[in-house]
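>>> Here is the input, now give the coordinates:
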Amino acid sequence: MRYPEGGGLTAERRAFREAIRLQAGERFAAGERFAAGERFAAGERFAAGEKTAAIARDLRASVRSVERRRRAWREGGLEGLRSAGPANSPTVSHSRFAVLEEELGKGPAAHGFEDERWTLAPVQAVIRRRLRVSLSVATVWRLLERHGWSWQAPARRALERDEHVVELRKKDVWSRVKASRRHVAPGSSSRTKPASR
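Numbering: from 1, shown residues only. Got it, this is the predicted structure:
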């Protein structure tokens, strides 16, 4: 997997990438200042007409990436290069989750599902319809778990079930299965020579 569990970059990695984008933006700005005829201090690192390939090499980035950053810088300046935050940030706030809990409290039948139990796919559908947010099944699982919901196995028994009859049947069937076992005799792995007794 290219990214860590959860599907996105860590906060440290995002900050590192943002710092590189901002360095590129400073070099783009220096190029503009140079083109406008501004004088530079003796130690300031900037070459006149600095090429995209040189910036890419210095920042250890691809040329296409630097070109994209230059376009973003032209459209939005340094602010256009800042990180927009994690792409997979939680999209359901606590207040919106309260609405979801209210909907789930009505039961699956109220939302048109035949099964009496909530599973992840129907919960995902309710989130999509009611909250207008599209989440993966794994994200729905993490969302529910984060808010204290847990997996529940229903203890369903048939109304007609007679425990005494079930126990008798288990004993009867098990005794027949146990008795029908073959006795294992020594075998041979050779096709031509049978095992000796």
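>>> Roughly how far does Gly148 sit from Leu104?
Between Gly148 and Leu104 the distance is 12 Å, computed by C-beta to C-beta, to the nearest Å. For every residue, glycine as well, the C-beta is placed using N, CA and C.
>>> okay, the two: which has more neighbours?
It is Leu104, of Gly148 and Leu104, that has more neighbours when counted by other C-beta atoms under 10 Å, with 20 against 7.
>>> Next, work out how far apart the more buried one and Ala30 are.
56 Å.
>>> Could you do Val92 as well?
Taking C-beta to C-beta, one finds Val92 at 43 Å from Ala30.
>>> With Ser93 instead?
42 Å.
>>> So for the two, which sits in the more crowded spot?
Ala30 (17 against 10).
>>> helix/strand/coil for that one?
helix (DSSP: H, G, I helix; E, B strand; the rest coil).
>>> Break the chain down into its domains, please.
11-81, 94-146 (automatic domain parsing).
>>> closest one to Lys178 among the ones you listed?
Smallest distance to Lys178 across the domains of the chain (C-beta to C-beta): 37.1 Å, for domain 94-146.
>>> what's the average pLDDT for that closest one?
Mean per-residue pLDDT for domain 94-146: 89.
>>> Can you give me the first-to-last residue distance of it?
11 Å (C-alpha to C-alpha, to the nearest Å).
>>> Also stretch 111-122?
9 Å.
>>> i'd like the first residue to be 677 from this point on
All right, first residue 677 from here; so that's stretch 787-798.
>>> got the buried residues for it?
His787, Phe789, Trp794, Leu796, Pro798 (16 or more other C-beta atoms under 10 Å).
>>> Would you mind measuring from the fourth one to Lys869?
With the distance defined as C-beta to C-beta, Leu796 ends up 59 Å from Lys869.
>>> cool, Arg808 as well?
Taken as C-beta to C-beta, the span from Arg808 to Lys869 is 75 Å.
>>> Likewise for Val775?
77 Å.
>>> quick one, which of those two is more surrounded?
Val775 (14 against 8).
>>> Spit out the contact partners of the more buried one.
Arg806, Leu807 (C-beta atoms under 8 Å, 6 or more residues apart in numbering).
>>> What segments of this structure are helices?
687-711, 728-735, 739-752, 770-781, 796-802, 813-822, 839-855 (DSSP state H).
>>> The shortest one packs against which elements?
Helix 796-802 makes packing contacts with helix 770-781, helix 813-822 when contacts are defined by 3 or more C-beta pairs under 8 Å, 6 or more residues apart in numbering; DSSP states H and E.
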